[in-house]
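Visitor: sequence unknown, structure follows:
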């Protein structure tokens with residue numbers, strides 16, 4: 001009975017995995033361009049809101065825009081500079097994860113190992129969905145009422 005239930009679970013996971021589409025480089029490139037466009041639009045909206053709320057003149061707006069562009073270029077340069085280090089850390093983490101998998105495979109029975117893998121993938125998917133939701137919440141407009149400073 002346990003084997004039947006376990007087989008049904010694996011079939012369910014397998015069909016779920018097969019249903020997910022793989023992304024092509026063109027899809028990634030299109031999504032990246034869309035995200036860049038949204039980011040630029042958000043920057044412009046933020047600058048317009050600052051101009052309105054702070055009653056900025058055009059010279060101030062231009063200086064803030066230049067400052068933001070400078071900061072963005074610095075961040076991009078830092079990102080590129082640290083790319084190799086980040087890549088090395090990711091490789092190290094992958095190696096540690098592979099070692100953990102190998103150790104767990106030696107400790108657990110094949111059925112336990114399969115269940116452990118399935119549980120791990122399910123938890124990863126839950127975390128991914130939570131991060132997506134948290135990202136969506138972060139992009140909602142915040143309440144513009146100032147907190148009471150007397151409390």
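Guide: Good, I have the coordinates. If you're wondering where the values come from, they're calculated on a predicted model, not measured in any experiment.

Visitor: tally of neighbours for residue 84?
Guide: Using other CB atoms under 10 Å, residue 84 has 9 neighbouring residues. Where you see a C-beta, it was placed from the backbone N, CA and C, and this is true even at glycine.

Visitor: so what's it scoring on pLDDT?
Guide: Note for residue 84: predicted pLDDT of 83.

Visitor: look up how far residue 137 lies from it.
Guide: 34 Å (CB to CB, to the nearest Å).

Visitor: got it, and residue 96?
Guide: 32 Å.

Visitor: number of residues surrounding residue 43?
Guide: There are 14 residues near residue 43, going by other CB under 10 Å.

Visitor: need the next SSE after the strand or helix carrying it, C-terminal direction.
Guide: Secondary structure from DSSP states H and E places residue 43 in helix 25-54. In the C-terminal direction, the helix or strand that comes right after helix 25-54 (DSSP H and E) is helix 58-81.

Visitor: give the other helices and strands that that following helix contacts.
Guide: With contacts taken as 3 or more CB pairs under 8 Å, 6 or more residues apart in numbering; DSSP states H and E, helix 58-81 sits against helix 25-54.
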